[in-house]
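> Sequence unavailable; structure follows:
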Ligand SMILES: *Cc1c(COP(=O)(O)O)cnc(C)c1O
């Protein structure tokens, strides 16, 4: 087999192994066959095991869709009548969660916090004190637009102290940063197969507490297709997804999970950290600057500021790198030109060293001098 290997430094989908790619090539099968349900049942347990949940207490519910489907499903399905959602809004993904609540006309307490620093826990506590009717607190674990790591454990403690449960969007951390649902006070988290487990696009999952899902049976139904209890109940009674699953993506995910447990949680996180260190070394060597202090980052995404050089042209630099097998990605910060370099996927530090050679060539190609310059001193 000879598939070109591209190094994706965008925030997902990520570079995959050839064995995961090839796992999609299977005989045609109707997903209503028992054989197919037999693939999904252990997969659901494995997805709970990744975050160290007990499968009697926690379950994984699979959906056919990109990661955003989980944000939508979790938020709209888990809010009881008369309760409010509380969302910590400090980046583009938590903004998306706020938008979901607004689209469903759900009562929302939105706590805006800076996008480049840790949120203020006292503001969150004050909001919980003032609003006695919060159903759940929602926070993005790792804000992929900036690389910010949120203090989920502490926010979970606060949520529980005031009688709410915690939902966190772990899409860009799950199966990368070691997560333990008990230690991290997580009632619900979520991810997508194209990110941490290094599978394909089209399969996403919510991992959460069975008893809360059972309770949500009687919560207002705000969506027909995107309802957590409906999908959970269908899985529990038939072993299947309610509607057509992404068949080939599930075969790829099965292989990706085998490779995940082979590599191990600890070794995988070490590898992502090696990749990030190599990314940071290149940033420092070229005089590039990051938008966030490294102490507040999750260590998986670097948001790099555009240098102040008349030759700088993101599109041209992107295209130069892309033609040589490396994908860099635009940033997601308002009022600031940034691009992102992400440490996801089946890559290692050698790939990043190769990338920086090509990137430096690209700077020469567009006429940006090295080390790069910034007008404003910090
Ligand atoms: C990638 C990602 C998602 C899902 O985004 P899609 O565009 O639906 O794939 C959700 N949350 C976070 C934090 C992410 O990084």
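Received the coordinates, thanks. Quick caveat: nothing in here was measured; it's all calculated off a predicted structure.

> Helices along this protein, start to end?
Using DSSP state H, the helices of the chain run over 18-22, 34-50, 68-77, 92-103, 121-130, 152-161, 210-215, 228-238, 247-263, 265-286, 314-323, 349-366.

> for these, which one ends up most surrounded?
Highest mean neighbour count of those: helix 68-77, a mean of 24 (counted as mean count of other C-beta atoms under 10 Å). C-beta: built from backbone N, CA, C; applies to glycine.

> anything in it near the ligand?
Yes: using C-beta under 6 Å from any ligand atom, we find that helix 68-77 touches the ligand at residue 68.

> from the chain's centre, how far out does that helix sit?
Its chain's C-alpha centre and that of helix 68-77 lie 14 Å apart, by C-alpha atoms, centre = their mean, to the nearest Å.

> ok and that helix relative to helix 92-103, angle-wise?
Note on geometry: by axes from the mean of the first three to the mean of the last three C-alpha atoms, to 10 degrees, helix 68-77 and helix 92-103 are set 40 degrees apart in direction.

> and helix 68-77, average pLDDT?
The average of the pLDDT scores along helix 68-77 is 98.

> What separation is there between the residue of the stretch 51-200 of the chain found nearest the ligand and residue 266?
Here the residue of the stretch 51-200 of the chain nearest the ligand is residue 67; by C-beta to the nearest ligand atom that distance is 2.5 Å. Per C-beta to C-beta, to the nearest Å, residue 67 is found 25 Å from residue 266.

> What are the phi and psi values at residue 346?
phi -90, psi 70 (degrees, to the nearest 10).

> should've said residue 292
The phi/psi pair for residue 292 (degrees, to the nearest 10) is phi -120, psi 150.

> Report how many residues lie close to the closest residue in space to it that isn't next to it in sequence.
Of all residues not flanking residue 292 in the chain, residue 116 sits nearest, at 5.0 Å (C-beta to C-beta, 6 or more residues apart in numbering). Residue 116 has 20 neighbouring residues, counting by other C-beta atoms under 10 Å.

> Export the helices of the chain as a markdown table, with columns for distance to residue 61.
Formatted as a markdown table, these follow (distance: least, C-beta to C-beta, whole Å):
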| stretch | distance to residue 61 |
| --- | --- |
| helix 18-22 | 22 |
| helix 34-50 | 8 |
| helix 68-77 | 8 |
| helix 92-103 | 17 |
| helix 121-130 | 27 |
| helix 152-161 | 20 |
| helix 210-215 | 8 |
| helix 228-238 | 5 |
| helix 247-263 | 14 |
| helix 265-286 | 22 |
| helix 314-323 | 36 |
| helix 349-366 | 34 |
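
> still on that earlier bit, now do the contacts for the residue nearest to residue 292.
146, 148, 291-293, 296 (C-beta atoms under 8 Å, 6 or more residues apart in numbering).

> Kindly recompute the last result at 7 Å.
146, 148, 291-292 (C-beta atoms under 7 Å, 6 or more residues apart in numbering).

> Out of the helices of the chain, which gets nearest to residue 222?
Taking C-beta to C-beta, helix 68-77 is the member of those nearest to residue 222, at 4.3 Å.

> hmm, who's touching that closest one?
63, 85, 96-97, 100-101, 104, 138, 167, 169, 188, 190, 204-206, 216, 219, 222-223, 226-229.

> Just the buried subset of those, please.
63, 85, 96-97, 100-101, 104, 138, 167, 169, 188, 190, 204-206, 216, 219, 222, 226-229 (16 or more other C-beta atoms under 10 Å).

> on that earlier part again, phi, psi of the residue nearest to residue 292?
According to degrees, to the nearest 10, residue 116 has phi -120, psi 20.

> ditto for the one 4 residues further on
Per-residue torsions, residue 120: phi -90, psi 110 (degrees, to the nearest 10).
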